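Trainee: sequence first, then the predicted structure:
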Amino acid sequence: MTRNFAVPPFAELCLDAADDAWGASFDHPFVRALASGELEPATFRFYQMQDARYLEAFADTAALISTRCVRPADKLWFIDSARLALVVEGELHAGYGEKLGYTPDDIAALTLTPNNRAYQNHMLERAQRGTLVEAVAALTPCPWLYIDLGQHFERELGGAIPEDHPYADWLKMYADPQFNAYMDALLDKLQRFSDEADSAARERAVEAFVLSARYEHLCCEQAWTQQSWHV
């Protein structure tokens, strides 16, 4: 995988541990259909609405992490990360809401899928009960995987997303090189927090990262199958 941001040693260790789940997300039929433009609009609608609610939990997790940080610059960075999830990505969701026929009220009234609820609970639990490195490790796979996907598919499409691609806005957002600076900062913090932690906390952080990577794959699956509660 060609990347436009640095991957420090601890992040590389986490990624190696999550290799199976990471690769499975790239090969999932939902992701392949989205990249090719063949994904059914109803399936994308289901995904987008669930993702909007997930991003609320991502923002909550980032905000909680900010309270755990000692350095003011770290606090501010995670506060800004929470804002980014709600405002910048929220604009993407609002645009697709107009196209696909859903509103903020529809998102608020949504029943979370089992996978979505479990993923949210995992991140929030690590932010509240885990060490700082565990909390950041649980948060990291979401932006990292999406940026990897966006930049990978941009290369697959010849270096530019066609304007007539039905999911061009989604692909362009996550292929945006501005996210490289975000990832440089996030992975640098993950490395620093791992350096400050003991070996047991680092092991739990790797486990938290792998579990989040598995949940990312399950988010693809929940959209592909339009998962619901059986009872």
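Mentor: In hand now; what should we look at?
Trainee: use CA for all of it now, contacts and neighbours both
Mentor: Will do.
Trainee: any idea how far residue 46 is from the residue sitting nearest the centre point of the chain?
Mentor: Centroid-nearest residue in the chain, with C-alpha atoms, centre = their mean: residue 142, separated by 1.9 Å. Using C-alpha to C-alpha, to the nearest Å, residue 142 is found at 18 Å from residue 46.
Trainee: picking that back up, what's the helix or strand for the residue nearest to the residue nearest to the centre of the chain when sequence neighbours are not counted?
Mentor: Excluding the flanking residues, the one nearest residue 142 by C-alpha to C-alpha, 6 or more residues apart in numbering is residue 216, at 6.9 Å. Here residue 216 sits within helix 199-225, counting by DSSP states H and E.
Trainee: pull out the buried residues from that helix.
Mentor: Using 16 or more other C-alpha atoms under 10 Å as the test for burial, helix 199-225 gives 201-202, 204-224.
Trainee: now do stretch 11-20
Mentor: 11, 14-15, 17-18.
Trainee: and the nearest residue in space to residue 28 that is not next to it in sequence, what does it touch?
Mentor: With C-alpha to C-alpha, 6+ apart as the criterion, residue 28 has its nearest non-adjacent residue at 7.1 Å, and that residue is residue 220. By C-alpha atoms under 8 Å, 6 or more residues apart in numbering, the residues touching residue 220 are 25, 28, 30-31, 47.
Trainee: repeat for residue 223
Mentor: 30, 43-44, 46-47.
Trainee: and the furthest pair within these?
Mentor: Comparing every pair within the contacts of residue 223 by C-alpha to C-alpha identifies 30 and 46 as the most remote, at 11.7 Å.
Trainee: neighbour count for those two, which is higher?
Mentor: residue 30 (24 against 17; other C-alpha atoms under 10 Å).
Trainee: element containing the more buried one?
Mentor: Counting by DSSP H and E, residue 30 is part of helix 29-36.
Trainee: which helices and strands sit right next to that helix?
Mentor: For helix 29-36, the elements it packs on are helix 199-225, judged by 3 or more C-alpha pairs under 8 Å, 6 or more residues apart in numbering; DSSP states H and E.
Trainee: could you check the angle helix 29-36 makes with the helix it packs on?
Mentor: In terms of direction (axes from the mean of the first three to the mean of the last three C-alpha atoms, to 10 degrees), helix 199-225 departs from helix 29-36 by 70 degrees.
Trainee: ok, and the closest non-adjacent residue to residue 35?
Mentor: Residue 35 sits nearest to residue 153 (C-alpha to C-alpha, 6+ apart), 6.5 Å away.
Trainee: do the same with residue 22
Mentor: residue 213 (6.3 Å).
Trainee: this structure: helices as residue ranges?
Mentor: Assigned by DSSP state H, the chain shows helices spanning 9-17, 19-27, 29-36, 41-68, 72-100, 104-108, 114-129, 132-139, 141-156, 168-175, 178-196, 199-225.
Trainee: return the most buried member of these.
Mentor: helix 132-139 (a mean of 28; mean count of other C-alpha atoms under 10 Å).
Trainee: need the contact partners of that one.
Mentor: Contacts of helix 132-139 (C-alpha under 8 Å, 6+ apart): 58, 61-62, 65, 68-69, 122-123, 126-128, 190, 193-194, 197, 201-202, 204-206, 208-209, 211-212.
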